[in-house]
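Could you look at this predicted model? Sequence included:
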Amino acid sequence: MDSVNDVATKAAQVSEAGQKHLYPPPADLAAAAHVKSLDEYKAMYRQSIDDPETFFGNMARQFHWEKPFDSVGPVYNFDLSKGPIKIDWFQGGKTNICYNALDRHVAAGHGDDVAILWEGNSPDEQASHTYHDVLDAVKKFANVLKSKGVRKGDTVTLYMPMVVELAVACLACARIGAIHSVVFGGFSPEAIRGRMADAQSKVVVTCDAVMRGAKPVQLKTQVDAALELGKDDFTVESVVVFRRLAGECPMVDGRDTWWHDEMATVTADCECEWVESEHPLFMLYTSGSTGKPKGIVHSTAGYMLGSWATFKYVFDYKPGEVYWCTADIGWITGHSYIVYGPLLERATTVMFEGVPTYPDAGRCWAICEKHAVNQFYTAPTAVRALMKAGDDFVTKHDRSSLRILGSVGEPINPEAWRWYYSVVGEERCPIVDTYWQTETGSFMITPLPGATPLKPGSATLPFFGVQPVVLDDKGVELEGEASGFLAIKKPWPSASRSCYGDHARFESVYYSMFKGYYVAGDGCRRDADGYYWITGRVDDVINVSGHRMGTAEVESALVLHPACSEAAVVGMPHEIKGAGIYCYVVLKDGQVASDELAAGLKAIVRKEIGPIATPDAIQFSEGLPKTRSGKIMRRILRKLAENPAIDMAELGDISTLADPGIVALLKDGAMKLA
Ligand code: WTA
């Protein structure tokens, strides 16, 4: 865990770079926005905190409730010393998020509006699906799931690429009260097996294969391998396979069936299962400091309110606009801001199957031009990669439809921010830098485009209902300008409710560090204007291309290699990815360091987790910097990976190490590698 001092140093660097200039909302945009000024935001924010009953109650009443809620709440306990952590919103209500995302709009006469604009990997492939189409497909697939024995409360694992059927499968689960667990299509069989063993789902939905750029990616064979690996841990009865490509696809008799065959046998009549407000909607696995990834559980009603409200206000969405988020539905951003948030607001949401650099680095802007995209939402890593490709790729496409740009996943560096703002957005579009997490379900700290003056690199101010605080090392709230740990004081509607099957782990990871607070795991600074500057993770999690990676997971993979005795993994600065994965590896006696061995170590990480975890650097070393009690001093490893030329004096006190001599050797090795 970083100390408050480390956070302060980082905070000084980021804010100095970004704070030189303030960017007020464009006047015409503000005049037509849902929230038109900072004062209006402040008044709404105040009410959301002082009177959540009215504020969120009014918002929630626009949804359909089969049984109206008795009270808004929140009823909660954030303090472990007073009993189990509990969060409860909209008590007594019964609803269904699929009904609110689809049926409600169709019933109101909007069935012919476009819900999903799908853009294939190849620029010649596209499809437009109306609300009516999606609802029809969802009802049918819900019937398919029922025919496989899926009932309310059962889990269903979805391992799919960015095809419309993935959104359909999520909504079909929600329709019948089943809990979906989407596993990102880039994870390896080992990683799928771990998530399946934890979720114990009897049904898996997958796809034969998909093209990503010029490369085919196999999915079904990965699922087969995962089921084989995990056959002693769980039983899968049915695998439904969506056919995307025409190639060979092995099918197991009695277990595997084709999506299109199944859909041909069912009707499009399927009533919603009305579920309690707190009924779990989905779980999504995410990495933390220690142990295996945990299945973060989200509720129905609170998540519905949170994903919808943030979508509407932060993207300032107006009927008829076309919104595009480039994330994958395998991550929380895709759940909340491709599927649920947009559909709840009856938006047209673009779903993109391919990659931003295929057929060339102008693909994103070609799509913006083709579909006249109004809101474009991506990650800093993509912005940096596209910035590197040169301005011509951007400027040759018409981007006049763009109104608002968004950023998510890591702090956006001011250089990337300015390029995004001036070249992509022609200095016309506010950038909403949205800070949030898998656990928070929806945006926590974010500008509102018509209200909030921007500072490049700052996520600015809290969203409605969110009460951030800055804590010191002892968990004391700091006032005014301050740097420290970011924590949240009271529950917001879309807060995660638990870790699947392990509430004790949920409590210990998020609520045990400081009593009475949700601790986010990020450091931050609050400036004199009350703006928040996220400085990055303070724990052993790194954000690689905006994807969360637990260093412990990578270490566990490395030590599976027969030549590896010990490994320690830290983040390193990376021009495009934000953070790269830097591995210190101690070999077993008799093993000799070589490029082949380094390649073998990288391969084992890819096999255990997936290509997104591929190490960027492997440094073989004699040993690791350990204290006399055997604890690895990661601070030293981090600093060396960041800057191998660092002055020894800047590494801090190393006198408590069992063997202080190791530090010079590590530094030497780091210099050679750099
Ligand atoms: C980081 C992604 C700075 C942060 C939605 C957080 C950010 C982690 C931002 C969550 C941002 C996300 N500015 N840092 N705008 N957005 N992060 O769960 O470290 O994949 O804790 O959710 O990403 O990653 P996750």
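Yes, it's here.

Could you pull out the strands in the stretch 551-674 of the chain for me?
With DSSP state E, counting those that start in this stretch applied, the stretch 551-674 of the chain shows strands at 564-574, 578-587, 617-620, listed in chain order.

counting contacts, what elements does the last one pack onto?
So that's strand 617-620. Packing partners of strand 617-620 (3 or more Cβ pairs under 8 Å, 6 or more residues apart in numbering; DSSP states H and E): strand 578-587, helix 595-608, helix 662-673. Bear in mind the C-beta positions are built from the backbone N, C-alpha and C, glycine included.

would you turn these into CSV with distance to the ligand, mean pLDDT and mean neighbour count?
Formatted as CSV, these follow (distance: least, Cβ to the nearest ligand atom, whole Å; pLDDT from 0 to 100; neighbours: other Cβ atoms under 10 Å):
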stretch, distance to the ligand, mean pLDDT, mean neighbour count
strand 578-587, 9, 97, 24
helix 595-608, 19, 97, 16
helix 662-673, 25, 94, 16
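
Just send the ones you listed back as a markdown table, with distance to Ala33 too.
Shown next, in a markdown table, are the helices and strands packed on strand 617-620 (distance: least, Cβ to Cβ, whole Å):
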| stretch | distance to Ala33 |
| --- | --- |
| strand 578-587 | 30 |
| helix 595-608 | 45 |
| helix 662-673 | 49 |
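
ranges for the helices of the stretch 451-600 of the chain?
503-511, 551-558, 595-608 (DSSP state H, counting those that start in this stretch).

what's the distance between the last one and the middle of its chain?
The chain centroid and the centroid of helix 595-608 are separated by 26 Å under Cα atoms, centre = their mean, to the nearest Å.

what's the answer for stretch 492-500, then?
14 Å.

now the stretch 1-150 of the chain, which segments are flagged as low pLDDT?
Low-confidence segments of the stretch 1-150 of the chain, defined by pLDDT under 70, span residues 13-20.

The residue of the stretch 451-600 of the chain found nearest the ligand - how many residues pack around it?
Of the residues in the stretch 451-600 of the chain, the one nearest the ligand is Ile534, at a distance of 3.7 Å by Cβ to the nearest ligand atom. When neighbours are counted by other Cβ atoms under 10 Å, Ile534 registers 24.

Next one: it from Ser307, what distance?
21 Å (Cβ to Cβ, to the nearest Å).

Please apply the same query to Val203.
25 Å.

So these two - more neighbours on which side?
Neighbours per residue (other Cβ under 10 Å) separate Val203 from Ser307, with Ser307 holding more: 30 against 21.

I'd guessed the more buried one sits against Tyr340; true?
Yes: contact criterion Cβ atoms under 8 Å: Ser307 and Tyr340 qualify, at 4.4 Å.

okay, which residue of this structure is out on the far edge from center?
Gly590 (42.3 Å; Cα atoms, centre = their mean).

What parts of the stretch 1-150 of the chain come near the ligand?
Residues of the stretch 1-150 of the chain lying near the ligand by Cβ under 6 Å from any ligand atom: none.

how about the helices in the stretch 1-150 of the chain?
4-18, 27-32, 38-50, 52-60, 97-98, 104-105, 131-147.

Can I get these in CSV including mean neighbour count?
Shown next, in CSV, are the helices of the stretch 1-150 of the chain (neighbours: other Cβ atoms under 10 Å):
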stretch, mean neighbour count
helix 4-18, 18
helix 27-32, 13
helix 38-50, 15
helix 52-60, 17
helix 97-98, 28
helix 104-105, 20
helix 131-147, 22
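
between the ones you listed, which gets nearest to Gln437?
helix 4-18 (17.2 Å; Cβ to Cβ).

picking that back up, tell me which of the helices of the stretch 451-600 of the chain lies nearest to Val210.
Evaluated with Cβ to Cβ, those place helix 595-608 nearest to Val210, the distance being 18.5 Å.

which other residues reach the closest one?
Under the contact criterion Cβ atoms under 8 Å, 6 or more residues apart in numbering, helix 595-608 has outside partners 188, 190-191, 553-554, 556-558, 560-561, 563-564, 583, 585, 587, 591, 613-615, 618, 620.

again with stretch 108-115
By Cβ under 8 Å, 6+ apart, stretch 108-115 touches 102, 105, 128-135, 343, 346, 348-349.

Equivalent analysis for stretch 28-36, please.
Applying Cβ under 8 Å, 6+ apart, the external contacts of stretch 28-36 come out as 25, 37, 41, 44, 312-313, 316, 318, 403-404, 430, 448-451.

For that stretch, measure first residue to last.
Start-to-end span of stretch 28-36 (Cα to Cα, to the nearest Å) is 10 Å.

Output the set of residues of the chain in proximity to the ligand.
So the chain meets the ligand at 286, 331-333, 408-411, 433-438, 459, 520-522, 534, 536-537, 543, 548 (Cβ under 6 Å from any ligand atom).
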